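Asks: Prediction below, plus the sequence it came from.
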4 protein chains.
Amino acid sequence: MTALPSSTEQLSVAIVGASGYAGGEFLRLALAHPHLKVTQVTSERNAGTPVPMVHPNLRSLTNLKFRKLADLEPADVIVLALPHNSAARQIGTFEALGQVIIDLSADFRIKDPELYAQYYGEAHPAPDKLAEWVYGNPELHREELRGATRIACAGCFATSVILGLYPLLKLGTVLPKDIIATGLVGSSAAGASGSDASHHPEREGSLRVYKPVGHRHTAEVMQELPGNFPIHLTAISTPRVRGILTTIQTWLPDGYSERDVWGAYREVYGEEPFIRIVKVQKGIHRYPDPKLLDGTNFCDIGFELDVDTGRVVLMAAIDNLVKGTAGHAVQSLNIARGWDERAGLGFAGLHPA
Amino acid sequence: MTALPSSTEQLSVAIVGASGYAGGEFLRLALAHPHLKVTQVTSERNAGTPVPMVHPNLRSLTNLKFRKLADLEPADVIVLALPHNSAARQIGTFEALGQVIIDLSADFRIKDPELYAQYYGEAHPAPDKLAEWVYGNPELHREELRGATRIACAGCFATSVILGLYPLLKLGTVLPKDIIATGLVGSSAAGASGSDASHHPEREGSLRVYKPVGHRHTAEVMQELPGNFPIHLTAISTPRVRGILTTIQTWLPDGYSERDVWGAYREVYGEEPFIRIVKVQKGIHRYPDPKLLDGTNFCDIGFELDVDTGRVVLMAAIDNLVKGTAGHAVQSLNIARGWDERAGLGFAGLHPA
Amino acid sequence: MTALPSSTEQLSVAIVGASGYAGGEFLRLALAHPHLKVTQVTSERNAGTPVPMVHPNLRSLTNLKFRKLADLEPADVIVLALPHNSAARQIGTFEALGQVIIDLSADFRIKDPELYAQYYGEAHPAPDKLAEWVYGNPELHREELRGATRIACAGCFATSVILGLYPLLKLGTVLPKDIIATGLVGSSAAGASGSDASHHPEREGSLRVYKPVGHRHTAEVMQELPGNFPIHLTAISTPRVRGILTTIQTWLPDGYSERDVWGAYREVYGEEPFIRIVKVQKGIHRYPDPKLLDGTNFCDIGFELDVDTGRVVLMAAIDNLVKGTAGHAVQSLNIARGWDERAGLGFAGLHPA
Amino acid sequence: MTALPSSTEQLSVAIVGASGYAGGEFLRLALAHPHLKVTQVTSERNAGTPVPMVHPNLRSLTNLKFRKLADLEPADVIVLALPHNSAARQIGTFEALGQVIIDLSADFRIKDPELYAQYYGEAHPAPDKLAEWVYGNPELHREELRGATRIACAGCFATSVILGLYPLLKLGTVLPKDIIATGLVGSSAAGASGSDASHHPEREGSLRVYKPVGHRHTAEVMQELPGNFPIHLTAISTPRVRGILTTIQTWLPDGYSERDVWGAYREVYGEEPFIRIVKVQKGIHRYPDPKLLDGTNFCDIGFELDVDTGRVVLMAAIDNLVKGTAGHAVQSLNIARGWDERAGLGFAGLHPA
């Protein structure tokens, strides 16, 4: 397939588990993508139902109906939006049906099966396959992604931590203290299935720490970031539906200035199409704010330095379903196929919103 | 019981179905009420569990645990917070255990069993009992409530319509056109059990018409309001958790002025402790707003007249769980027992909130 | 200009008053439009400032800076996003600089200068120009818009009422009773300038009737809709930032059924690219909901009939800044230039959101 | 005054700056307080206006009108709710008019005038008075508060940090690493005056770091907490109106277990009427959530320990206007006068809300 001229290439796409929020978001992006044509969507619970009954934003935009996974037919690209562990258990089936496979779950992110077992509570179902997969973070793995046919989409909270910290840790400097990352996360991150905690009267307006310690994304954060520094994650739910704002607290070694931090981020992200450094002296939008990013593939990154103590507060904001999941996957696929990296990801976000 | 000196009377209270929002709200009010002592709360699903596990606002304020209904023991006052039809089917049980019974459901509101059947879809389980119950709306039934031992608490949306319209219809004037009442309702009105529609990512920020026609509260609205005018209800869900704002549109006969409307409302509600006429010429709080009423027993009522057409827009705001349910019930009980009508209902509401 | 081949046409655009919400939204849409190139944006208050300082969603997407109106140079299309009355007073200036003029204010919507004076409180500054302008509602004025060079963009609340009612009134049937339209409106409709009422602690979570009677959009609603029926508008602010949900209550003559209503809407809107009839029997998205439309140009319309009384409840939802303002304007311009009517308006909206 | 029998004591109260949110909240609490009678409220901007025009929750609950500060007459208790630096500059005036003075600003919190100057940017106007004032935190200063006539109400964010950390630091153990406190703060904390940032369309739904480093409350946090550990504050605005949720990250020395942390908090706070330890294994309310505390004087505190790293995540939630300001002040006054410490602070908070 890599021999096809990229400018006219059109690939068929099947989305497995398309009634969830991650699958639905990939579907939204794929329907407007110049090189993709969605031909199949599966959902066990909604088989036979037209897509807009589940994703009402797609009314008049697609005639697709959900089918059962058992009825899946071959497609150029298969996107897996299944619960953790489910994709890996059936990976052979998907390999037989598609050339390019994108997995939106955690199944193929962690290279070390023991680390996977430690954080996900069971042995990896297909450890021998792990080496075939590229971690779907374009900013860190752009070269590996070119021509890739197995893309393990990065986790949403992890993406905010990794993109927020990467330039600083890439400096190779020894940071003197621990790193703490606190993620403020919207309700869509918990998925499309309701729970007692997601009942609107209980969740609306609430600010709850839901994972103070032991967050699973620690595994991919530690795998991806250089330097092997201790990084501690805490996750708090917010009243928003989409979006993550992560603040990362750490300390610079003596002698580092704001200018050094600016330099590190500019050097690493200067050419990145979806990363913006947001650090403005005046006005009301001085630092990243996830509300400006709903529906977009941007990761906005800011920082502030406490010159008295060397403490630096990094901030990273994303839409958890786009740069945190489906948009990141589309960007990775664009790179893999040699298409315009921005293809299908042009939405600017709204102001006000 | 009416012979007891009201100032020192202390009644035991059992709340049946206390894990729901209506029962929980009665419990909150009763715990701070000078004449009530809650001795029992029931919940089939939470039997054995301390109350604060379900109602976390009551942490440190009660040591009660839920028990099963089968374990209910006698109490001076039994408050029924059960699903519709459930209280009426077992009413004999409760009559045997308590002297005063307050029902928060719709079971004993409608005096005409046929009307009940029409709106609630099944024959009334205890039609011969209906005459014993007083409709729990103090503003319309204060005299009947004195000494009452069977109180059928009014419905929340119905309360906003009835209190909003009553003075106007009591004038005895023939209104020339139909009356339309549109209720903007918070998510707590649907109860404590989750549904697909109440999943936070789906419900948050949404404005949905959920009952355009055929609302059940039409039955009690028609029963309570004089004049037999056609009144049409439409209910819309809002992003709020609590609160109802109802706008009522109707037309005055020729020759009526704003002064007449003011007069009608002042005359009927001038002495009411929980009704406030809100109609201010300037500032940002010119008309009723339910956000100011969370936790309070007030019904704020406003209006505006279109002098060119005779159209009058009435507005009524309440907290659906207080003046719309549990507070209305406490006020009714205060009247029934001859206590201070404001007892236990002193919370002013918050600003800002 | 109409001789240009539409598929390659590229017009320069100047947006006057681009720091407001309407102008900023036109800018967002124009930056991604295949036939438009924004060359100038004006703002008296922000002259010299880069656009993203005011519209942070456009970071990295434009290098434009605001200039003063006095520095405006010629452009193919001039978009006026000024306060009411301001565009009309200076219309000669804009006519000299641009070939196509789009006005987003109310200045050129009302054909009758006396009606304008009645609702806007002062004499129209350029009554002799009114006949040159086409009311920018593609669904009602598509033929007039072809080749038009003066487009008066429709008002947001008015658009929801007009699109909601038009097919029913076009039937030519005499409706037996008055029509009542209640609009639930987000805070962005009041514009980008703060007020006491828009201070977050006061506005957040509030439901306030802000215009019970006498709404200015009555003028354009009465002008545009056939039949000359009395239509009464009431506007209520909601906790949302964007979006309008309008419910319209009226009555059908005897003998009309749901089928007739369906027929009317299908016939009139069957081919419309941005109108969707939303009336579903099951699921949680049975009727229009503005939260699904943020950023989109759709108007979703639903209805329900009370067969006992003939009352029909129509519902229309839009994003006030897109289908209610800037998107409606882009769609009108697309028609005027013979471009694909959907150009630049492809955003599907988000789910969940 | 201390000789009066506390059970019948009734003090007159004047609130200076009562149109702001802190003063309004003290007013709300004082109106329902058994030992207080509010006789005067001042506001320069609203002099002559009835209180409910500014605080609409108090409609029908007070007939007071605002007066100018120049018209202030003597009162038993004078509550100062003025901008920082304003109270201290005029303190002589207030000393002449009242016996008990409660200051809700930061003016008399910091004992060291140099520290004050460092954080508040100007020399303290009355440094010789500082020693007279008791820091109004009942949990740390109960004994000093008894009989006190000068109470400097603690800051809101500071209160969450101080109450969250105090038992741990009181252990006297040397903590091995820095302490990081991240406060999620509602919009009411910025006060009743609007700004560009508080305009509803800009603020609603936003998550913005507004003070990453250098927060002023660092001064009182360092003053109040034992051990002189470095404590770093970061403040983030949330979409809520009220409430603060602060997460505090630190590390325990080797050998400490969850049991030790439990022990420390139980020992220090076991008898506190307004502190609740919230740490539950199951259900949806496992940790503190400020939405449950709106209007209440509770501080809910929770924690979780990462046994692998010794990291402890402490959480403290309060209503910034009650336990963070006016409620804390009332509780301090209750202690100062020997009244029931809970007087006037009985509101339980709402569920759901």
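Replies: Looks like it came in fine.
Asks: in the helix ranked longest in chain A, what counts as buried?
Replies: With secondary structure taken from DSSP state H, chain A has its longest helix at helix A:156-170. For helix A:156-170, burial by neighbour count (16 or more other Cβ atoms under 10 Å in any protein chain shown) applies to A:156-169. C-betas here are computed from N, CA, C, even on glycine.
Asks: quick one: the helices in chain A?
Replies: Going by DSSP H, chain A shows helices at A:21-31, A:86-89, A:91-97, A:113-120, A:138-145, A:156-170, A:200-203, A:218-224, A:258-269, A:327-337.
Asks: May I see the buried residues of the second one?
Replies: When you say that, I think you mean helix A:86-89. Using 16+ other Cβ under 10 Å as the test for burial, helix A:86-89 gives A:S86, A:A87, A:A88.
Asks: The second one is in contact with A:L80, isn't it?
Replies: Pointing back at A:A87 there. Yes: if you go by Cβ atoms under 8 Å, A:A87 and A:L80 touch, sitting 4.3 Å apart.
Asks: which neighbours do those two share?
Replies: A:F94, A:D103, A:S105 (Cβ atoms under 8 Å, 6 or more residues apart in numbering or on different chains).
Asks: ok, so what distance separates the last one from A:A189?
Replies: From A:S105 across to A:A189, the span is 14 Å (Cβ to Cβ, to the nearest Å).
Asks: what bits of chain A have low per-residue confidence?
Replies: Residue ranges of chain A with pLDDT under 70: A:1-7.
Asks: who in it is up against chain C?
Replies: A:21, A:24, A:28, A:31-32, A:53-61, A:188, A:192, A:241-242, A:276, A:278, A:280, A:283, A:285, A:289, A:292, A:294-296, A:298, A:300, A:346-353 (Cβ under 8 Å from any Cβ of the partner chain).
Asks: Also near chain D: which of these, exactly?
Replies: Checking the residues of chain A next to chain C against chain D (Cβ under 8 Å from any Cβ), the matches are A:G283, A:H285, A:D289, A:P352, A:A353.
Asks: Mind putting the residues you listed into CSV with distance to A:K37 and neighbour count?
Replies: Converted to CSV, those look like this (distance: Cβ to Cβ, whole Å; neighbours: other Cβ atoms under 10 Å in any protein chain shown):
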residue, distance to A:K37, neighbour count
A:G283, 43, 13
A:H285, 38, 24
A:D289, 35, 24
A:P352, 35, 26
A:A353, 30, 22
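Asks: ok, of those residues, which one's closest to chain B?
Replies: Chain B lies nearest to A:A353 out of those, by Cβ to the nearest Cβ, at 10.6 Å.
Asks: Do I have it right that the closest one meets A:T296?
Replies: No: in this structure, A:A353 is not within contact of A:T296 by Cβ under 8 Å, at 10.7 Å.
Asks: Between the two, which contacts overlap?
Replies: Counting by Cβ under 8 Å, 6+ apart, the residues touching both A:A353 and A:T296 are C:N57.
Asks: quick one: which of the ones next to chain D among the residues of chain A next to chain C is nearest D:R208?
Replies: Closest approach between these and D:R208, by Cβ to Cβ: A:D289, at 5.0 Å.
Asks: can you pull out the strands in chain A?
Replies: All strands of chain A, identified by DSSP state E, fall at A:11-16, A:36-42, A:66-67, A:75-80, A:98-103, A:134-136, A:150-153, A:179-185, A:208-211, A:231-237, A:244-251, A:275-277, A:299-306, A:311-318.
Asks: Now the second one - C-alpha only, CSV.
Replies: Included here for strand A:36-42 are C-alpha records, laid out as CSV according to Å, rounded to 0.1, in the frame of the first residue of the first chain:
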residue,chain,number,x,y,z
LEU,A,36,-10.7,7.8,4.5
LYS,A,37,-14.0,6.2,3.8
VAL,A,38,-15.8,4.5,6.7
THR,A,39,-17.4,1.4,5.4
GLN,A,40,-18.2,-0.5,8.7
VAL,A,41,-18.9,0.2,12.3
THR,A,42,-19.6,-2.4,14.9
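Asks: Just checking: what are the partner strands of it?
Replies: Using DSSP bridges, strand A:36-42 pairs in its sheet with strand A:11-16 (parallel), strand A:66-67 (parallel).
Asks: Quick one: distance of the shortest one to the chain centre.
Replies: Average the C-alpha atoms of strand A:66-67, do the same for its chain, and the two points are 25 Å apart (Cα atoms, centre = their mean, to the nearest Å).
Asks: now swap in the first one and tell me
Replies: Taking the mean C-alpha point of strand A:11-16 and that of its whole chain, the gap between them comes to 19 Å (Cα atoms, centre = their mean).
Asks: Flag every buried residue along it.
Replies: Neighbour counts over strand A:11-16 (16+ other Cβ under 10 Å) mark A:L11, A:S12, A:V13, A:A14, A:I15, A:V16 as buried.
Asks: Hmm, A:F26 and the fifth one touching each other?
Replies: Yes: with contact defined as Cβ under 8 Å, A:I15 and A:F26 form a contacting pair (5.8 Å).
Asks: list residues touching both of the two?
Replies: Shared contacts of A:I15 and A:F26, defined by Cβ under 8 Å, 6+ apart, are found at A:V79, A:A81.
Asks: List the residues that contact A:G164.
Replies: The contact partners of A:G164, by Cβ under 8 Å, 6+ apart, come to A:A181, A:T246, A:I248, A:I301, A:L314, A:M315, A:A316.
Asks: Tell me the one of those residues nearest D:G324?
Replies: Using Cβ to Cβ, A:M315 is the member of the contacts of A:G164 that lies nearest D:G324, at 24.5 Å.
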